[in-house]
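Q: sequence unknown, structure follows:
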Ligand SMILES: Nc1ncnc2c1ncn2[C@@H]1O[C@H](COP(=O)(O)OP(=O)(O)OP(=O)(O)O)[C@@H](O)[C@H]1O
């Protein structure tokens, strides 16, 4: 079954159009990159997917459940890492996770088990009592991923999750999310404006000025030109990042 399906999605901020007739799908176990220059509409799309904004045009389905008519079931399957960190810096790693588990109505015993499991996976178990403020950017991102996975979503959305990280932390985060795809058959939608975060075997959707400029496997999308950078520049009119 398709993990995420967008059909003719549109959105405007007043008179300013931000998304127009955007249609593409994300499959389970696949790393799908959503690439676009600044202002292309990536964050707007994430805001629609998480229901920060109401969907007025088109349809979005998460594992077959409509965000419009069945939002609770659709959102249950979703884990999200936003562009701006939403961790409480003055709470410990564990307290941040516990708070999220409570919001999801998780019983304490289940929450404890999941928190242990995710912190272990992120190699953060020893730091669980530390305040988030004491962690570096890469570790904070890992806490956010641990938190996004607590309720075991089948679809993980990451909005420019690597912004602000040094190159080594960026690579580590990118590889880590790919492992989640493989090990858990999780579907991932990774938004970015950086070409070096995309691999030839990834699924790729390119947004340009609110429209879907290309969609397919990254190697196929890039095959139309000398490389993906040239395709990106041709389709978006922006220099390759
Ligand atoms: N709150 C808002 N009010 C009005 N226009 C907005 C608002 N947020 C975004 N826009 C406009 O909508 C378009 C899409 O913006 P969006 O932030 O979704 O793009 P993006 O691809 O996420 O860019 P970035 O990488 O800079 O975050 C842009 O033209 C932007 O100026």
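A: Received it, and whenever you're ready, just let me know what you need. None of these values were measured; they are calculated from a predicted model.
Q: Count the residues that sit near residue 132.
A: Residues near residue 132, counting by other C-beta atoms under 10 Å, number 20. Glycine gets a C-beta too; all of them are placed from N, C-alpha and C.
Q: how is the protein carved up into domains?
A: 17-77+153-241, 87-152 (automatic domain parsing).
Q: of all these, which lies closest to the ligand?
A: domain 17-77+153-241 (3.2 Å; C-beta to the nearest ligand atom).
Q: so how far is that closest one from its chain's centroid?
A: Here the centre of domain 17-77+153-241 is set off from its chain's centre by 7 Å, with C-alpha atoms, centre = their mean, to the nearest Å.
Q: just stretch 90-110 next, same as before
A: Worked out by C-alpha atoms, centre = their mean, stretch 90-110 lies 21 Å from the chain centre.
Q: measure that stretch end to end?
A: 24 Å (C-alpha to C-alpha, to the nearest Å).
Q: buried stuff in that stretch?
A: 92, 93, 94, 95, 96, 97, 98, 100, 101, 106 (16 or more other C-beta atoms under 10 Å).
Q: Okay, and which of those map to helices?
A: 93, 94, 95, 96, 97, 98, 100, 101 (DSSP state H).
Q: tell me which element the closest residue to residue 8 other than its chain neighbours is part of?
A: Leaving aside its chain neighbours, residue 8 sits nearest to residue 58 (4.0 Å; criterion: C-beta to C-beta, 6 or more residues apart in numbering). Using DSSP states H and E, residue 58 sits within strand 57-62.
Q: could you give the mean pLDDT of that strand?
A: Per-residue pLDDT over strand 57-62 has a mean of 97.
Q: packing partners for it?
A: strand 4-13, strand 16-26, helix 71-76 (3 or more C-beta pairs under 8 Å, 6 or more residues apart in numbering; DSSP states H and E).
Q: elements contacting the second one?
A: Other elements packing on strand 16-26 under the criterion 3+ C-beta pairs under 8 Å, 6+ apart are strand 4-13, helix 42-49, strand 57-62, strand 187-192, strand 203-208, strand 211-217.
Q: List, out of the ones in helices among the buried residues of stretch 90-110, those positioned next to the ligand.
A: Among these, no residue is within reach of the ligand (C-beta under 6 Å from any ligand atom).
Q: Of all pairs in those, which one is the farthest apart?
A: Farthest-apart pair in these is 93 and 101; separation 13.0 Å (C-beta to C-beta).
Q: What ranges in this protein fall below the confidence cut-off?
A: Scanning the chain for pLDDT under 70 picks out 240-241.
Q: longest single helix anywhere in this structure?
A: Max-length helix for the chain by DSSP H is helix 167-184.
Q: circling back: nearest approach to residue 133 belongs to which of the helices and strands packed on strand 57-62?
A: helix 71-76 (29.3 Å).
Q: Give me the distance from the very next helix or strand once past that closest one to the chain's centre.
A: Next helix or strand after helix 71-76 toward the C-terminus (DSSP H and E): strand 78-81. From the chain centre to the centre of strand 78-81 is a distance of 6 Å (C-alpha atoms, centre = their mean).
Q: hmm, who's touching strand 78-81?
A: By C-beta atoms under 8 Å, 6 or more residues apart in numbering, the list of residues contacting strand 78-81 from outside reads 46, 49-50, 62, 141, 144-145, 148-149, 151, 153, 155-159, 161.
Q: Narrow those to just the buried residues.
A: 46, 49, 62, 141, 144-145, 148-149, 151, 153, 155-159, 161.
Q: now the angle between helix 167-184 and the helix or strand harbouring residue 120, please.
A: Residue 120 belongs to helix 108-121 when elements are defined using DSSP H and E. Angle, helix 108-121 to helix 167-184, by axes from the mean of the first three to the mean of the last three C-alpha atoms, to 10 degrees: 130 degrees.
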